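*Asks:* Here is my input; please provide its structure:
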Amino acid sequence: MAITVLLLIALVQIVQMSGDRLVKAMSRK
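*Replies:* Down below sits the predicted model:
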């Protein structure tokens, strides 16, 4: 259980980071 929770948290963080990068790229344009 703990392993799956950690994986989910890691995935969420990666998605948030990628989303922030996309937002910054769009704002720059």
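*Asks:* For the most centrally placed residue in the chain, give me its contacts.
*Replies:* What sits nearest the mean C-alpha location of the chain, by C-alpha atoms, centre = their mean, is Val15, with 2.1 Å. Contact partners of Val15, counting by C-beta atoms under 8 Å, 6 or more residues apart in numbering, are absent. Placement of C-beta: from N, CA and C, glycine included.
*Asks:* Could I get the phi/psi values of it?
*Replies:* With angles defined as degrees, to the nearest 10, Val15 sits at phi -60, psi -40.
*Asks:* if I look at it, how far off is Arg21?
*Replies:* Note on Val15: its distance to Arg21, by C-beta to C-beta, to the nearest Å, is 11 Å.
*Asks:* which neighbours do those two share?
*Replies:* If you check Val15 and Arg21 against C-beta under 8 Å, 6+ apart, no residue is contacted by both.
*Asks:* What residues sit buried inside stretch 14-27?
*Replies:* Of all the residues in stretch 14-27, not one is buried under the rule 16 or more other C-beta atoms under 10 Å.
*Asks:* Please consider this matter closed, and thank you.
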